[in-house]
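Q: kindly generate the corresponding structure for this input.
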Amino acid sequence: MGEMVQFPYAGGTTRGYISIPESSSGPGVIVIQEWWGLVDHIKDVCDRFAGEGFVALAPDLYHGKTTKSPDEAGKLMMALRIDEAERDLTAAGEYLSTHDAVTSEKIGVVGFCMGGALSLYTATKNPHIGACVVFYGGHPNVKPDLPNLKAPVLGLYAERDGFVTPALARELEQKLKDLGKQVEVHIYPGADHAFFNDARPEVYNASAAGDAWRRTIEFLRKHL
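A: Down below sits the predicted model:
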């Protein structure tokens, strides 16, 4: 349904996977990968967004590297330079904002796990972000500038997540509320970290994933 594309940043180019709806136009959404890289699951999520009428772009933050090994994924995540990720995400936002198929004045950003942390980070850095969705987002080196956040946030978390715990989710929610930000957090009972990833049957939770997807689509349609 989608295709790989190259897009520029100051001094070079990077790449990503874009999926465009059958209508040939719609609001723009950046989709940010988990620590596995730009794998088929993330491409499929872009295609699903296109099926809901969005123009979805997933930048390749690892520049061609992917893995199925948790150890290797952890190494790739920790080796990711946040300044380079910010550069690629800014370039993705600019590419979407000027794309002929994108109809929205602002764009959304949705991220999973590592990408969830980068989703919030991007929303604090890029004034063109009009909606931010965080799926169980966490990364030890990503420190979002929360006072600078302008976009509303939807946070989707799992009760049994030992990495991004419900306590951390509620702590973030309270910080954002104390700053006067618009935030909505849902914690799914019985669900594990990465419950949305249907390519990983050991953690996938169809009920939680279905509800999270519904909330994500409604949230993006409302704010974009």
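Q: measure the residue nearest the centre of the chain to P59 for me?
A: Taking Cα atoms, centre = their mean as the criterion, G111 is the residue nearest the geometric centre of the chain, at 1.6 Å. To P59, G111 is 11 Å away according to Cβ to Cβ, to the nearest Å. C-beta coordinates here come from the backbone N, C-alpha and C atoms, glycine included.
Q: give me the common contacts of those two.
A: Residues within reach of G111 and of P59 at once, by Cβ atoms under 8 Å, 6 or more residues apart in numbering, are I32.
Q: can you pull the buried residues of stretch 176-188?
A: 176, 181, 183, 185, 187-188 (16 or more other Cβ atoms under 10 Å).
Q: likewise for stretch 24-38?
A: Buried residues in stretch 24-38, counted by 16+ other Cβ under 10 Å: 26-38.
Q: F135 against V110, yeah?
A: Yes: contact criterion Cβ atoms under 8 Å: F135 and V110 qualify, at 7.3 Å.
Q: quick one: the strands in the protein, in order.
A: 3-9, 12-19, 28-32, 55-59, 107-112, 129-135, 153-158, 183-188 (DSSP state E).
Q: now those strands in JSON lines, with distance to N197 and mean pLDDT?
A: Below are the strands of the chain laid out as JSON lines (distance: least, Cβ to Cβ, whole Å; pLDDT from 0 to 100):
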{"stretch": "strand 3-9", "distance to N197": "21", "mean pLDDT": "94"}
{"stretch": "strand 12-19", "distance to N197": "16", "mean pLDDT": "95"}
{"stretch": "strand 28-32", "distance to N197": "13", "mean pLDDT": "98"}
{"stretch": "strand 55-59", "distance to N197": "14", "mean pLDDT": "98"}
{"stretch": "strand 107-112", "distance to N197": "7", "mean pLDDT": "98"}
{"stretch": "strand 129-135", "distance to N197": "9", "mean pLDDT": "98"}
{"stretch": "strand 153-158", "distance to N197": "11", "mean pLDDT": "98"}
{"stretch": "strand 183-188", "distance to N197": "14", "mean pLDDT": "98"}
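Q: next, format those as CSV and append distance to R81.
A: Below are these laid out as CSV (distance: least, Cβ to Cβ, whole Å):
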stretch, distance to R81
strand 3-9, 14
strand 12-19, 13
strand 28-32, 15
strand 55-59, 14
strand 107-112, 17
strand 129-135, 21
strand 153-158, 25
strand 183-188, 28
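Q: just the helices in this protein please.
A: Along the chain, the segments classed as helices by DSSP state H run 40-51, 70-79, 82-97, 114-125, 166-178, 206-223.
Q: show me what the third one is packed up against.
A: Just to be clear, that refers to helix 82-97. Judged by 3 or more Cβ pairs under 8 Å, 6 or more residues apart in numbering; DSSP states H and E, the packing partners of helix 82-97 are strand 3-9, strand 12-19, strand 28-32, strand 55-59, strand 107-112, helix 114-125.
Q: what's the answer for the last one, then?
A: Applying 3+ Cβ pairs under 8 Å, 6+ apart, one finds that helix 206-223 makes contact with strand 107-112, strand 129-135, strand 153-158, strand 183-188.
Q: contact partners of the longest one?
A: What it means is strand 129-135. Against strand 129-135 from outside (Cβ under 8 Å, 6+ apart): 93, 104-113, 115-117, 119-120, 122-123, 149-156, 196, 212, 216, 219-220, 222-224.
Q: let's see that with 7 Å instead.
A: The contact list for strand 129-135 (Cβ atoms under 7 Å, 6 or more residues apart in numbering) reads 106-112, 116, 119-120, 122-123, 151-156, 196, 212, 216, 219-220, 223-224.
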